[in-house]
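J.: have a look; sequence and predicted model below, questions after that.
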Amino acid sequence: MKVDMFDFELPEELIAQVPLENRASSRLMVLNKETGETKHDTFNNILKYLKKGDCLVLNDTKVLPARLLGAKPDTGAKIEVLLLKQIEGDKWETLVKPAKRVRKGTTITFGDGKLEANCVEELEHGGRILEFQYEGIFYEILETLGKMPLPPYIKEQLEDQDRYQTVYAKERGSAAAPTAGLHFTKELLEEIQKIGVKIAFITLHVGLGTFRPVSVENIEEHDMHAEYYSISKETAALLNEVKRQGERIISVGTTSTRTLETIADNSGHFQAGNGWTDIFIYPGYTFKAIDGMITNFHLPMSTLIMLVSALAGREHVLSAYNEAVKERYRFFSFGDAMLII
């Protein structure tokens, strides 16, 4: 299957640069995955499309303020560091810019010496293993010095960093937000539960591979990045009960979808646990776990639009995306939402 089968024309001005003042005031396109029929609404009306017994699955990962601006103490050269994942102790896998200035043995300081890092290993494509030194608690220092690692297509500065977190973010570890969840307010979640919809939480720490373009011509040759997931015994038991009762499981975002499809066996049974997933979902995939999904509008030819196409059909999805462009929907992280049922 060719990557360019998932291409579409997207005017640059439709890429949302800032979040809306009210999270739930974003637009909502409802796509019938069987017929391709679409409806237009606003996200705060999503209760109209949910029913008692449904289960919404939310990813409670929390984005780290993982972008650090530092300097080499010997030359004063500016260095940008992006934390990707903690390896062990104070060692982190990172991306650094400009990478040519950071070799094994290089020291970088941040915040007038509040934080210091030594490069202990050089990786490919600007990757470096850094070991940090500091006094106090690392995450508290990071909250003071770090900035949100916004996607490369967002050029505006984010005034309120909490707007790149979901209101239920809890488990810190992501390099990017699970953006389908950004539309929910605490009040809307309470309203959803009042009508008898169950809420389940899983964790998947989103890596920057989310934004990595597909560089091969044939989809089957693409290597997915691995991301860490965790699901509790309570969540697994709730999901199994929902399945047993024949009710719908609706994942919030591609991250929740990938986690659920990783942990479900062929009969759709869920097992608690944690690990790493590099599952790649594209048309032809048979879903075991979910019945529907809430998601944002994604990049052309990305693994995310391929996943959505696997659920609702490529032709249905591309037709809906062309309609979204025509109707001036907002795209990507701070953009509008789609409900596929």
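T.: That came through fine.
J.: alpha carbons only for contacts and neighbour counts from here, please
T.: Will do.
J.: per-residue confidence for the residue lying farthest from the centre of the chain?
T.: In the chain, the greatest distance from the average C-alpha position (C-alpha atoms, centre = their mean) is reached by Asp74, at 37.6 Å. Listed pLDDT for Asp74 reads 90.
J.: do Ile79 as well
T.: On the pLDDT scale, Ile79 is placed at 97.
J.: now do the one 3 residues further on
T.: Leu82 is assigned 92 on the pLDDT scale.
J.: tell me the contacts of it?
T.: Neighbour list for Leu82: 66-68, 94-96, 149 [criterion: C-alpha atoms under 8 Å, 6 or more residues apart in numbering].
J.: same thing with His298?
T.: Shown in contact with His298 (C-alpha under 8 Å, 6+ apart): 304-305, 331-332.
J.: so what's the backbone phi/psi at the spatially most central residue of the chain?
T.: Nearest to the mean C-alpha position of the chain, counting by C-alpha atoms, centre = their mean, stands Pro178 at 3.2 Å. With angles defined as degrees, to the nearest 10, Pro178 sits at phi -80, psi 90.
J.: from here on, count from 32
T.: I'll keep to 32 as the first residue from here, and by that count the last item is Pro209.
J.: can you verify my assumption that it contacts Val237?
T.: Yes: with contacts counted by C-alpha atoms under 8 Å, Pro209 reaches Val237, the gap being 7.1 Å.
J.: so what sits against both of the two?
T.: 92, 286.
J.: any idea how far Thr317 is from Gly136?
T.: 48 Å (C-alpha to C-alpha, to the nearest Å).
J.: distance from the helix or strand containing Thr286 to the middle of the chain?
T.: Per DSSP states H and E: Thr286 is located in helix 285-294. When distances are taken as C-alpha atoms, centre = their mean, to the nearest Å, helix 285-294 is centred 11 Å away from the chain's centroid.
J.: residue ranges in the stretch 182-331 of the chain under the pLDDT threshold?
T.: By pLDDT under 70, the low-scoring segments of the stretch 182-331 of the chain are 241-242.
J.: so Gln117 sits against Ala97, correct?
T.: No: distance between Gln117 and Ala97: 11.2 Å, which falls outside the contact criterion (C-alpha under 8 Å).
J.: ok, now which ones touch the closest residue to Leu189 other than its chain neighbours?
T.: Distances taken as C-alpha to C-alpha, 6 or more residues apart in numbering put Val49 closest to Leu189, at 7.1 Å, once the chain neighbours are dropped. Each residue near Val49 by C-alpha under 8 Å, 6+ apart is listed here: 185, 187, 189, 365.
J.: so of those residues, which ones are in strands?
T.: Among those, no member falls in strands (DSSP state E).
J.: write the ChimeraX selection for whichever of those residues are buried.
T.: Selecting only the buried entries of these in ChimeraX, with 16 or more other C-alpha atoms under 10 Å as the criterion:
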select :189,365
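J.: ok, back up a step: helices or strands up against the helix holding Thr286?
T.: Contact analysis of helix 285-294 by 3 or more C-alpha pairs under 8 Å, 6 or more residues apart in numbering; DSSP states H and E lists strand 86-90, strand 229-235, strand 304-308, helix 334-343 as its packing neighbours.
J.: restricting to C-alpha, output it in CSV.
T.: Backbone C-alpha positions of helix 285-294 (Å, rounded to 0.1, in the frame of the first residue of the first chain) are rendered in CSV as follows:
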residue,chain,number,x,y,z
THR,A,285,-4.8,7.5,18.6
THR,A,286,-2.6,6.9,21.7
SER,A,287,-5.4,5.3,23.6
THR,A,288,-6.3,3.3,20.5
ARG,A,289,-2.8,1.9,20.0
THR,A,290,-2.6,1.0,23.7
LEU,A,291,-5.9,-0.9,23.7
GLU,A,292,-5.2,-2.7,20.5
THR,A,293,-1.8,-3.7,22.0
ILE,A,294,-3.1,-5.2,25.2
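J.: taking strand 229-235 as reference, get the angle to that helix.
T.: Relative orientation of helix 285-294 versus strand 229-235 (axes from the mean of the first three to the mean of the last three C-alpha atoms, to 10 degrees): 90 degrees.
J.: how many other residues sit next to the residue lying closest to Ala102 once chain neighbours are set aside?
T.: In space, and not counting its chain neighbours, Ala102 is closest to Lys109: 4.4 Å by C-alpha to C-alpha, 6+ apart. Using other C-alpha atoms under 10 Å, Lys109 has 15 neighbouring residues.
J.: need phi/psi at Lys109.
T.: Lys109 adopts backbone torsions of phi -80, psi 140, taken as degrees, to the nearest 10.
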